[in-house]
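Student: Sequence and predicted structure, then a few things I'm wondering about:
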Amino acid sequence: MQRYRRPALVAAAYLGTFLASLDISIVNVALPTLQQALATDLGGLQWVVNAYAICLSAFMLSAGPLGDRFGHKRCWLIGVLLFCLGSALCALAQELSLLLAGRAVQGLAGALLIPGAMPILSHAFPEPRQRAHVIGGWSAFSALALILGPLLGGLLLEHLGWQSIFLINLPIGLLALALGGWGISERKHPQHAALDPLGQILSVLCLGALTYGLIVAGEDGFGSREALTSLLLATLALLALIQVERRVQRPLVPVTLFRQRPFAVANLASFILGFSCYSSLFFFSIFLQQIQGWSAADTGLRMLPQFVVTGVVSMLFGRLHQRIPLPWLMVGGYGLVGLAMSAMAGFDAHTPYWRVGSLFGLLGLGMGLAVPATGLVVMACAPAERAGIASASMNALRQTGMSVGIALLGSLMSARAVQVLSESGAAAGFDGAAELARQAVTEHRLPLHDPLFADLYGAAMTSGFRLAMALAGCASLLAMGLLLGTRQQAVREPAGSPGTRPAR
């Protein structure tokens, strides 16, 4: 029976990451359905995504130290249990507040699961070739979760209701729990653990206040007292976090490493990747369902090209790395992302699918290059003893970028749509056009008996979507420009690694 323990360990680690990754993509397809079922507005939908993303990014930095102090197996198993609990809370929700509580628990669990798999696999497979093989499979399994999320979510919504997208996590989680409990061996290093409770509290406060302030700004304007107060609180928490991290012996955020320009730029690029690519699922779901009028299942099918191409390119990245220098792969990835998202600013309700699907595929190609290249560059810039904290910071920044992207771009999209619908409604002679526009965009309350207003609504939402895509595309192109400026600075890849030759 002992020979089956390592396969059980691998299956458990894969399933744990599959759970956390699946939840990122499957929920986005259900957003319009959740909006109607729970009678919430666009700001509420943003919080459905952000409650998960905030907890995932804020607590991810603590996953490594917690595993070192209390045991990697124990923390990972707690993560699976919490994810099942959060999923059950979401499925039982009859109002938005309970759903958000469940999403927050899921995010906390994901913070233990995603970074927790890597040390478990690395310890079980010390031989370099075996380790590379099993970690490559782990990456492919993560891509598979993103591929299946939109498709599976659409099918479940049509046939079993929105609760099923959360209930499906329970059998997967219980299987992972059984396999992990038997197959994973416990290991801990309490003497090396770095816990920074004050820094963690400040990071959660900063992220929560920032996202809340941006969502409120989209509803009430950036000049509203509530928005200004939240954004000021986020700024003060960020400044305090920087001061704390400079003084603690083993900080959550490696502030000193950010003095290296290549490291700082690569992490900024990771933030922008979350801001543009990872947040885009939120907007693609709204575009395909509310603007083009597709069902949830059809939406899942139409989003597949992005995830299929991302998964294939990620699996082939090692071979590409043998032929093309790493800095150029990274620059090319962000350039393709920026090009694809900028072109999406031309979408409207009648854009043919061949064009939509082609740009989704191009976006997937860019992500397939950008994600692994960013990780390799960050690891190359960090000394071996700080590799774990550098990896955690990169992933946390990416998740933070997703939260900020959904909040900021969603707020700007909402504000643009309300403005356009208000102006067009007034020109068409609708009484109280401004209030009708606000209700239609932020609360999704449409006078559907009037086809003219429905057409105006579609045009207004299209205008808001175009603005969001244009800004996301510009951010990715900015990252490409910054990476071009740093490519001449040597990236210290491990000796003998493929693709190590000077950039020209």
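Tutor: The structure has been received and is ready for your questions.
Student: Please make it C-alpha for all contacts and neighbour counts, starting now.
Tutor: OK.
Student: three-state assignment of the nearest residue to Asn267 once chain neighbours are set aside?
Tutor: Leaving aside its chain neighbours, Asn267 sits nearest to Met394 (5.7 Å; criterion: C-alpha to C-alpha, 6 or more residues apart in numbering). With DSSP: H, G, I helix; E, B strand; the rest coil as the basis, Met394 sits in helix.
Student: Please name the residues that touch Met394.
Tutor: With contact set as C-alpha atoms under 8 Å, 6 or more residues apart in numbering, Met394 has these partners: Asn267, Ser270, Phe271, Gly375, Val378.
Student: These into a markdown table, with extra columns for pLDDT, distance to Phe465 and secondary structure?
Tutor: Supplementary listing: the contacts of Met394 in a markdown table, determined by pLDDT from 0 to 100; distance: C-alpha to C-alpha, whole Å; DSSP: H, G, I helix; E, B strand; the rest coil:
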| residue | pLDDT | distance to Phe465 | secondary structure |
| --- | --- | --- | --- |
| Asn267 | 89 | 27 | helix |
| Ser270 | 90 | 23 | helix |
| Phe271 | 92 | 21 | helix |
| Gly375 | 77 | 30 | helix |
| Val378 | 79 | 32 | helix |
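Student: and which of those is nearest Pro119?
Tutor: Set against Pro119, the nearest of the contacts of Met394 by C-alpha to C-alpha is Gly375 (15.9 Å).
Student: dump the residue contacts of the closest one.
Tutor: By C-alpha under 8 Å, 6+ apart, Gly375 lies in contact with Ser391, Met394.
Student: just use 76 as the starting number from now, easier for me
Tutor: In the new numbering, first residue 76, that becomes Gly450.
Student: from the chain's centre, how far out does the helix or strand where Leu156 lies sit?
Tutor: In this assignment (DSSP states H and E), Leu156 forms part of helix 147-167. Counting by C-alpha atoms, centre = their mean, to the nearest Å, helix 147-167 is centred 19 Å from the centre of its parent chain.
Student: same question, stretch 145-162
Tutor: Centroid separation for stretch 145-162 versus its chain: 20 Å, with C-alpha atoms, centre = their mean.
Student: Please work out the average pLDDT along that stretch.
Tutor: Averaging pLDDT along stretch 145-162 gives 88.
Student: ditto for stretch 555-571
Tutor: What stretch 555-571 shows for mean pLDDT is 63.
Student: same check, this time on stretch 171-188
Tutor: Across stretch 171-188, pLDDT averages out at 88.
Student: How about stretch 388-403?
Tutor: Stretch 388-403 comes out with an average pLDDT of 79.
Student: Then stretch 492-510?
Tutor: Summarised as a single mean, pLDDT over stretch 492-510 is 80.
Student: if I pick Met419, what's in contact with it?
Tutor: Here Met419 is in contact with Val431, Leu434, Arg541, Met544, Ala545 (C-alpha under 8 Å, 6+ apart).
Student: how near is the residue lying closest to Val453 once chain neighbours are set aside to Leu438?
Tutor: Nearest non-adjacent residue to Val453, counting by C-alpha to C-alpha, 6+ apart: Phe338, 5.8 Å away. Plainly put, Phe338 is 24 Å away from Leu438 if you go by C-alpha to C-alpha, to the nearest Å.
Student: Looking at these two, which is more packed in?
Tutor: Here Phe338 and Leu438 are compared on neighbour count by other C-alpha atoms under 10 Å; more neighbours surround Leu438, at 26 against 23.
Student: ok, Thr331 to Ala465 distance?
Tutor: 11 Å.
Student: ditto for Thr92
Tutor: Following C-alpha to C-alpha, the distance that separates Thr92 from Ala465 is 20 Å.
Student: do the same with Ile101
Tutor: Applying C-alpha to C-alpha, the value for Ile101 to Ala465 is 29 Å.
Student: Quickly check the contacts of Met419 for the two that are furthest apart.
Tutor: Farthest apart among these - using C-alpha to C-alpha - are Val431 and Ala545, which lie 15.3 Å from each other.
Student: List the buried residues of the helix or strand hosting Val279.
Tutor: Val279 belongs to helix 272-295 when assigned by DSSP H and E. Residues 274-275, 277-294 are the ones in helix 272-295 that count as buried (16 or more other C-alpha atoms under 10 Å).
Student: Quick check: can you list the domain ranges of the protein?
Tutor: If you go by automatic domain parsing, the domain ranges for the chain are 76-269, 272-324, 331-579.
Student: The second one - what's its average pLDDT?
Tutor: Yep, that's domain 272-324 we're talking about. 82.
Student: what about it, distance to the chain center?
Tutor: Taking C-alpha atoms, centre = their mean, one finds the center of domain 272-324 at 19 Å from the center of the full chain.
Student: and if you look at the longest one?
Tutor: Between the mean C-alpha location of domain 331-579 and the chain-wide mean there is a distance of 10 Å, by C-alpha atoms, centre = their mean.
Student: rewinding a little: give me the pLDDT value at the residue nearest to Val453.
Tutor: Phe338 is given a pLDDT of 86.
Student: in the strand or helix carrying it, what's buried?
Tutor: Taking DSSP H and E as the definition, Phe338 sits inside helix 336-348. Of all the residues in helix 336-348, those buried under the rule 16+ other C-alpha under 10 Å are Pro337, Phe338, Ala339, Val340, Ala341, Asn342, Leu343, Ala344, Ser345, Phe346, Ile347, Leu348.
Student: My guess is the third one contacts Phe333. True?
Tutor: Going back to what we said before, that points to Ala339. Yes. Taking C-alpha atoms under 8 Å as the definition, Ala339 is a contact partner of Phe333 at 4.8 Å.
Student: show me what contacts Leu156?
Tutor: Counting by C-alpha under 8 Å, 6+ apart, Leu156 makes contact with Ala184, Gly248, Leu252.
Student: Assign a three-state SS to the most far-flung residue of the chain relative to its centre, would you?
Tutor: Distance from the C-alpha centroid of the chain peaks at Gly504, with 41.9 Å (C-alpha atoms, centre = their mean). Classification of Gly504 by three-state DSSP places it in coil.
Student: For it, what are phi and psi?
Tutor: Main-chain dihedrals, Gly504, degrees, to the nearest 10: phi 90, psi 20.
Student: The host helix or strand of Ala490 to helix 336-348, inter-axis angle?
Tutor: Assigned by DSSP H and E, Ala490 belongs to helix 462-502. Helix 462-502 runs at 40 degrees relative to helix 336-348, counting by axes from the mean of the first three to the mean of the last three C-alpha atoms, to 10 degrees.
Student: Following element in sequence after helix 462-502, please.
Tutor: Per DSSP H and E, helix 462-502 leads on to helix 508-517 as the next helix or strand towards the C-terminus.
Student: tell me which strands and helices that next one is in contact with?
Tutor: In terms of contacts (3 or more C-alpha pairs under 8 Å, 6 or more residues apart in numbering; DSSP states H and E), helix 508-517 is packed against helix 117-145, helix 462-502, helix 526-561.
Student: Relative to His198, which of these is closest?
Tutor: Within the helices and strands packed on helix 508-517, the stretch nearest His198 is helix 117-145; the backing value is 12.8 Å (C-alpha to C-alpha).
Student: pLDDT below threshold where in the stretch 326-475 of the chain?
Tutor: Across the stretch 326-475 of the chain, the ranges flagged by pLDDT under 70 are 371, 458-463.
Student: where do the helices sit along the stretch 176-325 of the chain?
Tutor: Assigned by DSSP state H, counting those that start in this stretch, the stretch 176-325 of the chain shows helices spanning 203-235, 239-242, 244-258, 272-295, 300-322.
Student: Now distance to Glu498 too, for those helices, in a markdown table please.
Tutor: Shown next, in a markdown table, are the helices of the stretch 176-325 of the chain (distance: least, C-alpha to C-alpha, whole Å):
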| stretch | distance to Glu498 |
| --- | --- |
| helix 203-235 | 35 |
| helix 239-242 | 38 |
| helix 244-258 | 45 |
| helix 272-295 | 17 |
| helix 300-322 | 25 |
